[in-house]
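**Student:** model the structure of this input:
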Amino acid sequence: MTKQPPARRHWLFAVDPHHYHWDTLFVKGKEMWRGAGNKPDALRQLKQVRKGDRVLCYHSAPDRSLYSIAEVTRDPYADPHDDEAKSYVIDLRALERLPRQVTLVELRDNSLLRKVKFLKNVRLIISALSPEEYQEILRMAGIVSAPGMPLP
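**Tutor:** Below you'll find the model as predicted:
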């Protein structure tokens, strides 16, 4: 018997575009992401992220909208810039910018997304999404699945 790989998970990562803009990831293509910092809630979530997971990239104020999709290319590891080894980072690879940015107001107005923790507390940096929530957000952004073509 062959072991099935774990199912891909989906996440929403939020950043302040004044400190880190998701365009940086597109310019570099791949980058170590240090956005969780030393915040306990964010670090707990980050430790659950795995290589191959998909990330919806969100800009907080003033944009307050989903911007792009990225892929996790490495499981969480100790931040090499943290001398106390308390922080973790992951490596992200840019996949694509969303055809249409989805605003916080639009996300909150969608009844299919009412359980998304981020929408209840926009101070969260990392929030898990169910596969259905992820697909609904992609649909809102203008990305729809086609037969035989997996969603990004």
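**Student:** where do the strands sit along this structure?
**Tutor:** Along the chain, the stretches classed as strands by DSSP state E are 10-15, 30-33, 54-59, 65-78, 88-103, 126-129.
**Student:** report the buried residues of the longest one.
**Tutor:** If you call a residue buried by 16 or more other C-beta atoms under 10 Å, then strand 88-103 has these buried ones: 88-92, 94, 98, 101-102. All C-beta atoms are positioned from the backbone trio N, CA, C, and that covers glycine.
**Student:** sorry, back to before: nearest to residue 41, of the strands of the chain?
**Tutor:** Set against residue 41 and scored by C-beta to C-beta, these come closest in strand 126-129, at 7.9 Å.
**Student:** let's see that closest one as CSV, backbone CA atoms only.
**Tutor:** The C-alpha coordinates for strand 126-129 follow below in CSV (Å, rounded to 0.1, in the frame of the first residue of the first chain):
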residue,chain,number,x,y,z
ILE,A,126,-3.0,33.6,9.5
SER,A,127,-6.4,32.0,9.2
ALA,A,128,-7.3,28.6,7.9
LEU,A,129,-9.8,28.2,5.1
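**Student:** let me know the angle separating the lengthiest helix in the chain from strand 65-78.
**Tutor:** Ranked by number of residues, the top helix in the chain under DSSP state H is helix 131-141. Counting by axes from the mean of the first three to the mean of the last three C-alpha atoms, to 10 degrees, helix 131-141 lies at 140 degrees to strand 65-78.
**Student:** give me the buried positions along helix 131-141.
**Tutor:** For helix 131-141, by 16+ other C-beta under 10 Å, it's 133-138, 140-141.
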